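Asker: Below are the sequence and a predicted model; questions follow.
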Amino acid sequence: QGQLVESGGGLVQPGGSLRLSCAASGFTLDYYDIGWFRQAPGKEREGVTCISSADGTTHYADAVKGRFTISRDNAKRTAYLQMNSLKPEDTAVYYCNAYYSALQYDLWGQGTQVTVSS
């Protein structure tokens, strides 16, 4: 059974950086679109960014454009989210999602907490 495991979350001061990782086990990421989502306390889960399996095309939510970068390394079965210039409003649990469009099948990781505070 495939599984996604996020890591790299933590406490960081405003203006700081973190890099989240999303590692796949039991399957390869090659044919999966990858997305990062986040959920802040009392709010609904929202999409942050995604990267296509076909050509690496990326999309970003307006709130993170210019600060966050998504990438993937299929050989390592890992996707990444580089987060720079972090703001308190970026505080949330961050989840990665792998979506296989041909089968309309997706997997979610368990989430990793990111807290931006001085």
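Answerer: Yep, it's here. Numbers count the residues shown, from 1 in each chain.

Asker: Only C-alpha atoms from now on, for both contacts and neighbour counts.
Answerer: Will do.

Asker: Any buried residues in stretch 47-61, and which?
Answerer: Going by neighbour count (16 or more other CA atoms under 10 Å), the buried part of stretch 47-61 is 47-53, 58-60.

Asker: Dump the C-alpha coordinates for stretch 39-48 into CSV.
Answerer: What follows is stretch 39-48, C-alpha atoms only, in CSV (Å, rounded to 0.1, in the frame of the first residue of the first chain):
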residue,chain,number,x,y,z
GLN,A,39,-5.0,24.0,7.0
ALA,A,40,-4.9,26.6,9.7
PRO,A,41,-6.8,26.3,13.0
GLY,A,42,-10.5,27.1,12.4
LYS,A,43,-10.1,27.3,8.6
GLU,A,44,-10.7,25.0,5.7
ARG,A,45,-7.9,23.2,3.9
GLU,A,46,-6.6,25.2,1.0
GLY,A,47,-4.4,24.5,-1.9
VAL,A,48,-0.9,26.1,-1.8
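
Asker: which of the residues in that stretch are buried?
Answerer: Those would be 39-40, 47-48, for stretch 39-48 by 16+ other CA under 10 Å.

Asker: now, which of those residues sits nearest residue 66?
Answerer: residue 48 (12.2 Å; CA to CA).

Asker: Helix, strand, or coil at that closest one?
Answerer: Here residue 48 is recorded as strand under DSSP: H, G, I helix; E, B strand; the rest coil.

Asker: And the contacts of stretch 80-88?
Answerer: 13-22, 36, 67-72, 115-117 (CA atoms under 8 Å, 6 or more residues apart in numbering).

Asker: again, but for stretch 30-45
Answerer: Against stretch 30-45 from outside (CA under 8 Å, 6+ apart): 46-54, 74, 79, 81, 91-101.

Asker: Quick check: end-to-end length of that stretch?
Answerer: 25 Å (CA to CA, to the nearest Å).

Asker: about what we covered before: buried subset of the contacts of stretch 80-88, written for ChimeraX?
Answerer: In ChimeraX, this line selects whichever of these come out buried by 16+ other CA under 10 Å:
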select :14,17,18,19,20,21,22,36,68,69,70,71,72,115,116,117
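
Asker: Which helix or which strand is home to the spatially most central residue of the chain?
Answerer: Nearest to the mean C-alpha position of the chain, counting by CA atoms, centre = their mean, stands residue 36 at 3.0 Å. Assigned by DSSP states H and E, residue 36 belongs to strand 33-39.
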